[in-house]
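Visitor: the following block contains a protein sequence and its predicted model.
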Amino acid sequence: MSGASAPDSADVMSNLPAEHPPQLAYESLRALVAGRRSVRRFRPDAVPRETIEKILDVARLAPSAGNSQPWEFVIVTDAATRTRVARAAASLFSAGRKHDPDFNWSVSVQPFLAQAPVLIVVLGDKRVIAAYPSILRGNVLMRQSLSNCVLALQLAAASLGLATAWGTLQGGSPETEIRTLLGVPDVFTIDHIVPVGYADDQEGARAAALAPARERAARRRPLDAIVHWDRYAAERARSDEDVEQFIWSETVTRVRREHETGR
């Protein structure tokens, strides 16, 4: 990547031709966000290094608490290393399936990390927690900042025709194993692993386990159900029963089995 700094958003907007008003940027952004989906099956096609650098150039511009910018990235392209990372991440599930048997583990990203030609391992520098107010939970602020970074990363990838998903670790033996494998210093967390590549649409459509994701992932709650002006409109509040129904009918992580009744 060249050493030239990227233009900020104000520069971009001011340089738009007169026939491209600011609303064009909004419509393009909305279409990008609406069309992005998490993908769990990838083709083996390589992704050029310069394309990955473009994605990371956007990710580094994400907002962070106190402008702390806690992120660094390890880019894993070696097939053997990707396999070892995936195996470590997937080891979470042996215990998870016993602890939470109702969770729809089939849509989890971690077992399929090795399919993607590129893994972006997002690190969080715990030392920047010193930049946050002591009355707040610094570790939470750092992780919120990292989430902003991952979203920017995913949108940048989508704008370039690439598919992504979001794998998480947040501690335990899998993180320790991946830390050792990649030589990551202890001052960093390894919370997020983002697979990047070209979607294998045929395999994704064939995978029965991904049916909930295919059917539900595009659904979003309508604007008038989530927006309150000046004061919370209690008459429109969801009941506990409404939320439970939403969880079991709209999320991809809780799916009723056909033989289950009365839940």
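Guide: Arrived safely, thanks for sending. Numbering: from 1, shown residues only.

Visitor: any idea which element the nearest residue to residue 256 once chain neighbours are set aside lies in?
Guide: Take residue 256 and drop its neighbours on the chain: the residue closest to it by Cβ to Cβ, 6 or more residues apart in numbering is residue 248, 5.7 Å away. Quick note: C-beta positions are derived from backbone N, CA and C, even for glycine. In the assignment (DSSP states H and E), residue 248 maps to helix 240-250.

Visitor: the residue nearest to residue 256 contacts residue 255, doesn't it?
Guide: Yes - shown here, residue 248 and residue 255 form a contact pair, counting by Cβ atoms under 8 Å, at 7.4 Å.

Visitor: which strands and helices sit next to the helix holding residue 248?
Guide: Helices and strands touching helix 240-250, by 3 or more Cβ pairs under 8 Å, 6 or more residues apart in numbering; DSSP states H and E: there are none.

Visitor: mind running it again at 10 Å?
Guide: Helix 240-250 sits against helix 211-216, with contacts defined as 3 or more Cβ pairs under 10 Å, 6 or more residues apart in numbering; DSSP states H and E.

Visitor: for residue 77, grab the count of nearby residues.
Guide: When neighbours are counted by other Cβ atoms under 10 Å, residue 77 registers 15.

Visitor: I'd say it and residue 85 touch.
Guide: No - judged on Cβ atoms under 10 Å, residue 77 makes no contact with residue 85 at a distance of 11.4 Å.

Visitor: what residues are shared contacts of the two?
Guide: With contacts taken as Cβ atoms under 10 Å, 6 or more residues apart in numbering, the residues that reach both residue 77 and residue 85 are residue 119.

Visitor: and stretch 199-208, how far out from the chain middle?
Guide: 20 Å (Cα atoms, centre = their mean, to the nearest Å).

Visitor: can you give me the end-to-end span of that stretch?
Guide: For stretch 199-208, the first-to-last residue distance is 16 Å (Cα to Cα, to the nearest Å).

Visitor: for stretch 121-133, same thing?
Guide: For stretch 121-133, the end-to-end distance is 27 Å (Cα to Cα).

Visitor: with stretch 60-71 instead?
Guide: 8 Å.

Visitor: number of residues surrounding the closest residue to residue 159 other than its chain neighbours?
Guide: Spatial nearest neighbour of residue 159, excluding adjacent residues (Cβ to Cβ, 6+ apart): residue 32 at 5.8 Å. Counted with other Cβ under 10 Å, residues neighbouring residue 32 total 13.
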